[in-house]
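Novice: Next comes the sequence, and after it the predicted model I'd like to discuss.
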Amino acid sequence: MSNITNISKRTMQSCLLLMLFLAQALTSSAKVEISVEDFTIASGETKEVAVLLTNDQPVTALQLTVDLPKGLTYKENSVNKTARVKGRGAMVQASDKDAYERTGKLVIVETDGTIAAGEGAIITFSVEAGTLDDKEEVLNIEDIEIVDDNGTKLNENKTCTAKVKMLGLDCKFSAPESIEVSVGQEYQVDVTMTNVHVQDLTALQGTLTLPEGLEIVLPDEEESEERFIYSDRIPKQSQFKFEDNNGSINFVLSSSMNAKIIENDGVIFSFIVKATADLAEEAEISLTDLRVATTTGKSQLCDPLTIKVTNTSVADRAAFDEYKAEQAAALEALAEEGDSEASQAIIADAVADIEALEYDEEKSLDENKAAIDEVAASAQEALAAQRAAEQLAADKEAFAEYLAEQAAAVEALAEEDDSEAAQQILADAKAAIEALEYDEEKSLDENKAAVDAVAANAQEALTAQRAADAEAAKAAANEEAYTTLKAQYDELRAALRQAKNTIKNDYPEVASQFDDTIADLEDMLSDAIAKLEGAYAAEKLTAESTLQNGEAIAAGIEALLADVAAAQLAADKAAFEAYVAEQAAAVEAMAEEGDSEASQAIIADAVEAINALEYDEEKTLDENKAAVDELVAPVADALEAQREADAIIPGDVNGDGKINTVDASYILMYLVGNTPEDFVEKAADVDGDGKINTLDATAILKKLVE
């Protein structure tokens, strides 16, 4: 429903007269009639109603009041015009929800359109039904007003009616068409009730009949009176009562408090059945005498249900015997030429165990097959384990022979002048090979590869050791001292490089001021490193050598960074002050000749705020500039809004620079909720009383007449 102001019949008529105040209401002899066709609606149903117009001449505007019969309500936002209603500003409006609920009537207004001569629907709206009784009611159309573009009244009849046939309860039950059960197994049957259009159901009843060999299972042994499982659609205040009657169970669901069954389409209750050996291969469950009742005592007999029951146990026994034969044959096929007696015995025992199995009626076919599968799987697992054990024994014997061969080969690598370290490498490798044990998680080749890896590592280590022994005695003290001092100089070099990058990246504006200082530090470091390299090349370094000039270089780097930071801060403050002056001047330049005092104040306040800003040393230059930008950014929009406000003309509602009847019609369209896109709300308050109403449209029309 359109969001419009509550409009009484008298106010709607006044608006129509204001739009057409130059026209005179005259009685027309033309044939112009409103009608609504008869229709049928069921409980909970939504139905679209068409307002029909028969007219032998064009119609410009109309209004009518719809009085709905008890049990039907208007569906909010459902009123619409049809293709017969033409025109650039054509619109259809209905009274709002509050007005409808207060009066029980729906006011429909169509205006500012053109309906050509003809017949058929011009307006549609929808009604919703609650819980209905089976009867016939009347829908009344009243207060019909139809006029042409001169304001001439065209209709003679101010009322019309339509017959509404109402239908009562709409409920039905459903359940699975068939189920499959096996002896000893339980099965839950869900019974569904559909009552999506019936909101006040409070009771239901019926008769459940089970075939011989199918018995009901109590859902809770502690509640021996309960036969059904309640769904959450059944209120807590309601309870089933049961009565056994010659193999059938009569049941009634009721509540002493008239609690309502939840309106829905889903399971209402369930029951569990269990098959015995007496159940036939094909049988039926029936639900008959199904009836529902409402809180008002209205009831309905629903269609009976039949559920086909198939006892799968009969066919399952034959399938089980066939499966036994298949699996026994599959096991016999696992035999291989050369199998040991132990492997052959595993297969023979498993075949005998499978053939000895009998069908367990307490289990399903799949569960009985699973017992066969378990025997077969165990046999396959045992057979694989036996064959693996036999192969493992052969692999271990081959591995022991290979260990002895490789240990002898490593021992043969020894040379007469080997150092103790080289001799130890060979001794350790031989011991490592002899200590290896067969890894049962790996293949024979993978175990041999472990032996090969030890031997290969020994050869590589032996070669490296013999080369190292030739150089081991050369300048050991010189190397140790050089390594220590070189690391210290490398740290200084990295520190100086980092300082240069920091100055370049973080302080580009002042970086050039410190080029000489950096160059001096680099020279000091280069000289120190050159002295170190010279001493190392001459093998003159000892453990007692000390770092020369390192402390001075480190202190110089620290002082350099402090001086650069101070210089950059001074430069940033100067740049900030220049930026403040620049932005203040830019704001002052926004002034225009003829600006109002309000516009001038906007500029003055902004300039004052900008000039009052001080540099925040906790932030970067860009962040300080951003604070200036935050004050400058909204000035242009504020000026534009103020200048637009200064330029508004009272009465120029469409903003075209002229005041005419179009501006008056814009106000009327606004009042019925059809606001044009170019509507200037401030200009619409013509009389300046702070409100927009029909008096503002009248003021425009008076100006035009004057």
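Specialist: Perfect, I can see it now.

Novice: How about residues contacting the helix or strand Ile41 falls within?
Specialist: Assigned by DSSP states H and E, Ile41 belongs to strand 39-42. For strand 39-42, contacts defined as CB atoms under 8 Å, 6 or more residues apart in numbering pick out 47, 49, 72, 127, 129, 132, 162, 164-168, 170, 197. C-beta: built from backbone N, CA, C; applies to glycine.

Novice: Tell me the secondary structure at the residue with the largest distance to the centre of the chain.
Specialist: The C-alpha centroid of the chain is most remote from Glu416, which lies 79.0 Å away (CA atoms, centre = their mean). Judged by DSSP: H, G, I helix; E, B strand; the rest coil, the three-state class of Glu416 is coil.

Novice: still on that earlier bit, the next helix or strand after the strand holding Ile41 pairs with which strands?
Specialist: Sequence order places strand 46-55 as the next helix or strand after strand 39-42, per DSSP H and E. Strand 46-55 pairs in its sheet with strand 32-35 (antiparallel), strand 118-129 (antiparallel), by DSSP bridges.

Novice: from what I can see Ile553 touches Glu491, true?
Specialist: No - if you go by CB atoms under 8 Å, Ile553 and Glu491 don't touch, sitting 10.5 Å apart.

Novice: More neighbours: which of the two?
Specialist: Ile553 (20 against 12; other CB atoms under 10 Å).

Novice: Just to check, Asp616 is in contact with Asp622?
Specialist: No - the criterion here is CB under 8 Å, and Asp616 misses it with Asp622 at 11.8 Å.

Novice: what's the spacing between the residue farthest from the centre of the chain and Gln185?
Specialist: 86 Å (CB to CB, to the nearest Å).

Novice: can you tell me which helix in this structure is longest?
Specialist: helix 365-411 (DSSP state H).

Novice: Which SSE is immediately downstream of it?
Specialist: As assigned by DSSP H and E, the chain's next helix or strand after helix 365-411 is helix 420-435.

Novice: Could you pull out the buried residues of that next one?
Specialist: For helix 420-435, burial by neighbour count (16 or more other CB atoms under 10 Å) applies to 422, 425-426, 429-430, 432-433.

Novice: follow-up on the earlier one: looking at the strands paired with strand 46-55, which is buried most?
Specialist: Among those, strand 32-35 has the highest mean neighbour count (mean count of other CB atoms under 10 Å), at a mean of 20.

Novice: Counting neighbours, which bits of stretch 169-178 end up buried?
Specialist: 169-171, 173-175.

Novice: mind giving me TSV with those residues and columns for distance to Ser43?
Specialist: Below are the buried residues of stretch 169-178 laid out as TSV (distance: CB to CB, whole Å):
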residue	distance to Ser43
Leu169	6
Asp170	6
Cys171	10
Phe173	17
Ser174	19
Ala175	24
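
Novice: quick revisit: distance check, the residue farthest from the centre of the chain against Ala422.
Specialist: Taken as CB to CB, the span from Glu416 to Ala422 is 11 Å.

Novice: What are the phi and psi values at Ala116?
Specialist: phi -70, psi 160 (degrees, to the nearest 10).

Novice: Wait, it touches Lys86, no?
Specialist: Yes - Ala116 is within contact range of Lys86, at 7.1 Å (criterion: CB under 8 Å).

Novice: what do the two both touch?
Specialist: With CB under 8 Å, 6+ apart applied, the contact sets of Ala116 and Lys86 do not overlap.

Novice: for the closest residue to Met257 other than its chain neighbours, what are its contacts?
Specialist: Excluding its sequence neighbours, the residue lying closest to Met257 (CB to CB, 6 or more residues apart in numbering) is Gln237, at 4.7 Å. Residues counted as contacts of Gln237 (CB under 8 Å, 6+ apart) are 255-257, 259.

Novice: Sketch out the strands for the stretch 101-250 of the chain, chain order is fine.
Specialist: Taking DSSP state E, counting those that start in this stretch, the strands of the stretch 101-250 of the chain run over residues 105-111, 114-115, 118-129, 135-147, 160-167, 172-174, 178-181, 186-194, 201-209, 214-217, 229-230, 239-245, 248-254.

Novice: what's next to the first one, contact-wise?
Specialist: Applying CB under 8 Å, 6+ apart, the set of residues contacting strand 105-111 from outside is 7, 9, 12, 16, 19, 51, 60-68, 74, 79, 81, 85, 90-95, 99-100, 122-123, 125, 142, 672.

Novice: same question for that strand, mean pLDDT?
Specialist: Averaging pLDDT along strand 105-111 yields 84.

Novice: Dump it to CSV, restricted to CA.
Specialist: Presented in CSV, the C-alpha positions along strand 105-111 are these (Å, rounded to 0.1, in the frame of the first residue of the first chain):
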residue,chain,number,x,y,z
LYS,A,105,-13.3,0.0,4.2
LEU,A,106,-10.9,0.5,1.4
VAL,A,107,-10.9,3.9,-0.5
ILE,A,108,-9.4,3.7,-4.0
VAL,A,109,-8.6,6.9,-6.0
GLU,A,110,-7.5,7.0,-9.6
THR,A,111,-6.6,10.5,-10.9
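
Novice: That strand pairs with which strands, and in what direction?
Specialist: Partners of strand 105-111 in its sheet, by DSSP bridges: strand 61-67 (antiparallel), strand 91-94 (antiparallel).

Novice: can you give me the angle that strand makes with strand 135-147?
Specialist: 30 degrees (axes from the mean of the first three to the mean of the last three CA atoms, to 10 degrees).

Novice: can you tell me which of the strands of the stretch 101-250 of the chain comes nearest to Lys531?
Specialist: strand 186-194 (94.4 Å; CB to CB).

Novice: what packs against the closest one?
Specialist: Helices and strands touching strand 186-194, by 3 or more CB pairs under 8 Å, 6 or more residues apart in numbering; DSSP states H and E, are strand 172-174, strand 178-181, strand 265-275, strand 282-294.

Novice: Could you list the low-pLDDT ranges of the stretch 501-650 of the chain?
Specialist: 542-550 (pLDDT under 70).

Novice: Next: the stretch 251-400 of the chain.
Specialist: For the stretch 251-400 of the chain, no stretch has pLDDT under 70.

Novice: Check the stretch 51-200 of the chain too.
Specialist: By pLDDT under 70, the weakly predicted segments of the stretch 51-200 of the chain are 88-90.

Novice: Could you pull up the residues touching Gly87?
Specialist: 112-114 are the contacts of Gly87 under CB under 8 Å, 6+ apart.

Novice: what about 6 Å?
Specialist: For Gly87, the contacting residues are 113-114, by CB atoms under 6 Å, 6 or more residues apart in numbering.

Novice: now do Ala429
Specialist: Taking CB under 6 Å, 6+ apart as the test, what Ala429 contacts is 410, 454, 458.

Novice: which one of those is nearest Glu471?
Specialist: Ala458 (21.1 Å).
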